[in-house]
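Chemist: return atomic coordinates for the entry below.
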Amino acid sequence: MKPMGSIPREFQGKPLMIGGQGVEHWAARTPVFVYDMAVVAARVARFRAAFPGIDLHYAVKANPFPALLDRMARLVDGFDVASAGELARVAGLGNPVSFAGPGKRDEELRAAIEAGATINLESEGEADRALAAAEALGATPKLAVRVNPEFELRGSGMRMGGRASPFGVDAERVPALVRRVVAAGAHWRGFHIFSGSQALDPAAIIDSQAHTIDLAARLADEAGQAPPLVNLGGGFGIPYFPGEVPVDVEAVGAALAERLAARPATLAGARFAIELGRWLVGEAGVYLTRVIDRKVSRGEVFLVCDGGLNHQLAATGNLGTVVRRNYPVAVATAPADAATETASVVGPLCTPLDRLADQVELAVARPGDVIAVFMAGAYGLSASPFEFLGHPRPAELLAP
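Modeler: Have a look, this model is predicted:
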């Protein structure tokens, strides 16, 4: 038997309830993702209490489900997008939008300018193309510079700084670019400095934020332009696997408030934002898939389900993890006193990679039972190859 992560406390009751409803209410059609908006709202409230005066931006890439975005628009201060497709999903929701990501096509730059979004420039060449697009449109573009910092976020799952990178402009080249953008008549919007993601160590996040503030002040001084906004990035992780501990965001918030109280004069008028995705929605999502077949092969039990890697790639260990570990899963339809066994949960695909849980302790399940895969609210369906082998696309639902 192998260990698995802990079920989020909001879903630890038996029988499993999501948004006040039992599993069979949501599993009338499987596979299905269910996102509990009460969990998301509680996360936003916790952020507001821990980071007073700091803008909260939602990173759309974490989960771009349109109904969820509509609800998020009432909870956050802005959206961060990484494509014209994401921009189109949020452009009409009334929130400020910023657009980051390398390789923005000319038509994407035009769409961002027309929508009034802030473009986080990833290179000098992108700045030239954005200015040319704005001139052709007869518009004044909103331009910020994404900075590739000299440091990285220690312990992060994906490191975005401290090395040669396709993301952002190397810090030493930023002041000259800022001066050029301002001289061209653009609406200067500030800095976007993102050094890593999926970090669980509060000390590492505190250290990264302190370095980010120092770097923003230095770049502003060298450019001779105070930034209206400094996007501090995000990086707050969630505990997917055994032994992982949730981020102490209250400690991070207290340290940030202390650092900002003593910030350099060049940043006195700046607003600060934190960009979060998975920390807001990751633990709010549950993926429900129904057991089609129960089989025993060479003494091992396999629960074969109607969904798998094609919908929830990350849970199978095939999205950025080096060593495969088990997400928290449960037999959602089992009674509280059900007998248990060691079993593997697999999907319907013709590949051995399609394994949602590997030899974990579960209630004994039969065909027709529903398996719940937790931590499914971020980088789930949209980050998975849902067209692979032509199986039906799963439903997505909001609760309540």
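Chemist: got the contact list for Ser20?
Modeler: Let me fix one detail, which is that residue 20 is Gly and not Ser. Under the criterion of C-beta atoms under 8 Å, 6 or more residues apart in numbering, the contact partners of Gly20 comprise Ala399, Pro400. Bear in mind the C-beta positions are built from the backbone N, C-alpha and C, glycine included.
Chemist: separation between it and Ala399?
Modeler: Using C-beta to C-beta, to the nearest Å, we find Gly20 at a distance of 8 Å from Ala399.
Chemist: again with Gly285
Modeler: Separation of Gly285 from Ala399 (C-beta to C-beta) stands at 10 Å.
Chemist: overlap in contacts, these two.
Modeler: Taking C-beta under 8 Å, 6+ apart as the contact definition, Gly285 and Ala399 share the neighbouring residues Val34, Tyr35, Asp36.
Chemist: what about the nearest residue to Asn148 once chain neighbours are set aside, neighbour count?
Modeler: Nearest residue to Asn148, sequence neighbours excluded (C-beta to C-beta, 6 or more residues apart in numbering): Gly168, at 3.7 Å. Residues lying near Gly168 (other C-beta atoms under 10 Å) number 25.
Chemist: Gly168 contacts Glu126, doesn't it?
Modeler: No - using C-beta atoms under 8 Å as the test, Gly168 is too far from Glu126 to be in contact (10.6 Å).
Chemist: picking up where we left off before, which one of Gly285 and Ala399 has more residues nearby?
Modeler: Between Gly285 and Ala399, counted using other C-beta under 10 Å, the more crowded position is Gly285 (29 against 18).
Chemist: not counting its neighbours along the chain, what's nearest that one?
Modeler: Ranked by C-beta to C-beta, 6+ apart and with sequence neighbours excluded, the top spatial neighbour of Gly285 is Gly377, at 2.6 Å.
Chemist: which parts of the stretch 1-150 of the chain are helices?
Modeler: 23-26, 37-50, 66-72, 84-90, 106-115, 124-137 (DSSP state H, counting those that start in this stretch).
Chemist: if we can go back for a sec, would you mind measuring from the residue nearest to Asn148 to Ser384?
Modeler: Gly168 sits 27 Å away from Ser384 when distances are taken as C-beta to C-beta.
Chemist: thinking again about what came up before, any chance of the helices of the stretch 1-150 of the chain in TSV, plus distance to Val181, mean neighbour count and mean pLDDT?
Modeler: Listed next are those as TSV, based on distance: least, C-beta to C-beta, whole Å; neighbours: other C-beta atoms under 10 Å; pLDDT from 0 to 100:
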stretch	distance to Val181	mean neighbour count	mean pLDDT
helix 23-26	49	18	96
helix 37-50	31	17	98
helix 66-72	30	17	98
helix 84-90	20	18	98
helix 106-115	13	19	98
helix 124-137	6	17	98
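Chemist: turn those helices into a markdown table, including distance to Val252.
Modeler: Rendered in a markdown table, the data for the helices of the stretch 1-150 of the chain read as follows (distance: least, C-beta to C-beta, whole Å):
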| stretch | distance to Val252 |
| --- | --- |
| helix 23-26 | 34 |
| helix 37-50 | 7 |
| helix 66-72 | 21 |
| helix 84-90 | 26 |
| helix 106-115 | 30 |
| helix 124-137 | 31 |
